[in-house]
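>>> structural data only, the sequence is not supplied:
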């Protein structure tokens, strides 16, 4: 079996080599065609991920309070290896459940 080197294509028994600038032009055209599609994907700003320091700043509490809440499974969190992470959208929903409403 014959292996083709980069920049070579075989089509119905015909071989052709592409120059580096041709490959770059094709890549640039693909990027230009995909750019509007990529930009049209809605960005969800509240899907940001926070670490312990960012969350404690967001909630205006000490880091130790965050660790206590995680230890007691009282706050939604993600554990990635040894790292704790918090989805802002989950934290915002959790805050709503913690809100005390008058009778």
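It's in. Everything numeric here is computed off the predicted structure, so don't read it as measured data. Numbering: from 1, shown residues only.
>>> check this protein for its longest helix and report it.
For the chain, the longest helix by residue count, based on DSSP state H, is helix 20-39.
>>> which strand or helix spans the nearest residue to residue 50 once chain neighbours are set aside?
When the adjacent residues along the chain are set aside, residue 50 lies closest to residue 86, with 4.7 Å between them (Cβ to Cβ, 6 or more residues apart in numbering). C-beta coordinates here come from the backbone N, C-alpha and C atoms, glycine included. Residue 86 belongs to strand 83-87 when elements are defined using DSSP states H and E.
>>> what residues does stretch 28-45 touch?
Contact with stretch 28-45 is made by residue 89, as judged by Cβ atoms under 8 Å, 6 or more residues apart in numbering.
>>> and that stretch, average pLDDT?
Stretch 28-45 shows a mean pLDDT of 78.
>>> what's the distance between it and the middle of its chain?
Mean-position distance between stretch 28-45 and its chain equals 15 Å (Cα atoms, centre = their mean, to the nearest Å).
>>> over to stretch 54-73?
From the chain centre to the centre of stretch 54-73 is a distance of 23 Å (Cα atoms, centre = their mean).
>>> any idea how far apart the tips of it sit?
This stretch, stretch 54-73, spans 19 Å end to end (Cα to Cα, to the nearest Å).
>>> that one: which residues count as buried?
Residues 55-56, 59, 66, 69-70 are the ones in stretch 54-73 that count as buried (16 or more other Cβ atoms under 10 Å).
>>> same thing with stretch 70-86?
Buried residues in stretch 70-86 (16+ other Cβ under 10 Å): 70, 75, 77, 84, 86.
>>> show me what contacts the first one?
Listed by Cβ under 8 Å, 6+ apart, the contact partners of residue 70 are 77, 84.
>>> any idea how far residue 89 is from it?
According to Cβ to Cβ, to the nearest Å, residue 70 stands 18 Å off from residue 89.
>>> what backbone torsions are found at residue 81?
phi 60, psi -120 (degrees, to the nearest 10).
>>> quick one, grab the pLDDT at it.
Looking at residue 81, its pLDDT stands at 89.
>>> quick check: residue 64 is in a helix.
Yes - secondary structure of residue 64 (DSSP: H, G, I helix; E, B strand; the rest coil): part of a helix.
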